[in-house]
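Undergrad: Sharing a sequence plus its predicted fold:
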Amino acid sequence: MVSKGNLFIISGPSGTGKGSICNELIKYEDTFLSVSLTTRDKRNDEIDGVTYYYVSNEEFKKRIENNLMLEWAQYGDNFYGTPKDKVEEKLNSGINVILEIEVQGALKVKQKIPEAVMIFMLPPSAQALKERLLNRDREKEEEILKRIDIAKKELSKAYLYDYIIINDDFDECLKTIRNIIADRQEKLSFAEKLQESI
Ligand code: 5GP
């Protein structure tokens, strides 16, 4: 029997460095990073089908109606959601799956899949978060202010997560999350072996 893969959710305020961490995680682990659907515009450095699937509001609504989404949420003026098919397929074939999603969606996933491991990333300070958002030159000022506002709300939900990690050192943060993934895998396969041999 192939053991099911483990599901990990990574959330945290915009500008905390979740994206960079996730891009590293998939290099090392036998891990799949789910590609979300979004209605927001594609940024110059993003690739359709790799960073996101960019869809219209109508298309997004259709996917929800056709029950194709594991979860979805509104973030600012846009919608974001996780397509169900790939996540289920990967988990069933024993591959770990990472969802890099915001808090409302994360809580919906946790309700549907209670064994999902929830990781919340924090920036080292409010100043660092603001500087990162301003310096990365991605969003207009109005959008940045919206993101800071959403960050406040998201931070108030950090207590609902299994792990809270401060991203004050990229390599350390990456190591901590890799350890969480490896530890979970190791302990669960040990539990499975015990179960079979008792
Ligand atoms: P960004 O516009 O910076 O790419 O993403 C904005 C927020 O949407 C981030 O917090 C990101 O984690 C979240 N997000 C990305 N994909 C999904 C998704 O599929 N579902 C949900 N609920 N949030 C998502």
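TA: Cool, got the structure.

Undergrad: CA only for contacts and neighbour counts going forward, please
TA: Fine.

Undergrad: Show me which residues of this structure are close to the ligand?
TA: Counting by CA under 6 Å from any ligand atom, the chain comes close to the ligand at 11, 14, 36-37, 72-73, 80-82, 100-102, 105.

Undergrad: Redo these as TSV? Include distance to Phe190, pLDDT and neighbour count.
TA: What follows is the residues of the chain next to the ligand, written out as TSV (distance: CA to CA, whole Å; pLDDT from 0 to 100; neighbours: other CA atoms under 10 Å):
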residue	distance to Phe190	pLDDT	neighbour count
Ser11	28	98	27
Ser14	36	94	22
Ser36	32	98	22
Leu37	36	98	24
Trp72	34	98	23
Ala73	36	98	18
Tyr80	36	98	23
Gly81	34	98	25
Thr82	30	98	24
Glu100	27	98	23
Ile101	29	98	23
Glu102	32	98	24
Gly105	31	98	23
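
Undergrad: any idea which of these is the one closest to Lys153?
TA: For the residues of the chain next to the ligand, the minimum distance to Lys153 (CA to CA) is 10.8 Å, reached by Glu102.

Undergrad: right, and that closest one touches Ile9 too?
TA: No. Counting by CA atoms under 8 Å, Ile9 is not a contact partner of Glu102; they are 9.1 Å apart.

Undergrad: so of the residues of the chain next to the ligand, which ones are in helices?
TA: Counting by DSSP state H, the part of the residues of the chain next to the ligand found in helices is Gly105.

Undergrad: Low-confidence regions, this structure specifically.
TA: Applying pLDDT under 70 to the chain flags residues 1-2, 29.

Undergrad: Which residue is the nearest non-sequential neighbour of the residue nearest the centre of it?
TA: By CA atoms, centre = their mean, the chain has its centre lying nearest to Glu100, at 1.3 Å. Residue nearest to Glu100 in three dimensions, not counting chain neighbours: Ile10, with 4.8 Å by CA to CA, 6 or more residues apart in numbering.

Undergrad: Run through who's touching the host helix or strand of Leu25.
TA: Here Leu25 sits within helix 18-28, counting by DSSP states H and E. Helix 18-28 has contacts (CA atoms under 8 Å, 6 or more residues apart in numbering) with 10-12, 31-33, 98, 100, 121, 170, 173-174, 178.
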